[in-house]
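**Student:** My questions are about this predicted structure, shown below with the sequence.
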Amino acid sequence: MDKILLTAPCGIDCFNCPLLVTNITDDVRSNTAKYLNMPPEDVECKGCRPEKGQCKGNPNCATWVCVQAKGHTFCHECNDFPCEKLSPSFKGAQFPHNLKVYNNCRIKLVGLDAWIKEADDIRKRYFNGNFIPGKGPVIK
């Protein structure tokens with residue numbers, strides 16, 4: 001696996017994303033197509049970097065444009081990290097903006113290789129865990 005190629009500049013682990021061409025199922029394709037109001041054949045993704053930031057549901061990603069303009073590989077390399085582009089919001093919370101910040105912090109702290117080993121567990125806790133103050137998301 002090309003670790004940088006399959007990790008978005010914002011910190012999303014494309015290699016674990018259910019829309020990645022190698023991960024997508026018929027159910028995910030169908031449900032996502034309905035949610036995004038697009039043809040099912042247009043739902044699968046090759047990853048943020050191979051798609052040049054043209055994410056599904058966000059075809060003109062401002063984060064991608066910013067990282068490219070500044071010559072960075074990841075958002076955490078920027079002096080302005082974290083900035084408003086990664087700021088979470090209650091509305092639209094189904095999109096993992098705080099996961100992006102957390103992942104960028106972990107990549108910066110432990111390095112890309114170690115983070116990749118953690119990424120599947122981080123994703124599972126984020127999407128399936130119950131938040132417990134002082135403990136973070138816990139899988140019961």
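**Tutor:** Thanks, I have the structure now. Residues are numbered from 1 along each chain as shown.

**Student:** Quick check: buried residues in the helix ranked longest in the chain?
**Tutor:** Identified as the longest helix of the chain according to DSSP state H is helix 112-128. With burial defined by 16 or more other Cβ atoms under 10 Å, the residues of helix 112-128 counted as buried are 115, 116, 119, 122, 123, 125, 126. To be clear about C-beta, it is placed using only N, CA and C from the backbone, and glycine gets the same treatment.

**Student:** And stretch 46-62, by the same measure?
**Tutor:** For stretch 46-62, the neighbour count (16+ other Cβ under 10 Å) marks 47, 48, 49, 51, 53, 55, 56, 61 as buried.

**Student:** tell me the contacts of the residue nearest the centre of the chain?
**Tutor:** By Cα atoms, centre = their mean, the mean C-alpha position of the chain lies nearest to residue 12, the distance being 2.2 Å. By Cβ atoms under 8 Å, 6 or more residues apart in numbering, residue 12 lies in contact with 48, 96, 99, 100, 103.

**Student:** quick one: the strands in the protein?
**Tutor:** 130-132, 136-138 (DSSP state E).

**Student:** Which stretch among those strands is buried most, on average?
**Tutor:** strand 136-138 (a mean of 13; mean count of other Cβ atoms under 10 Å).
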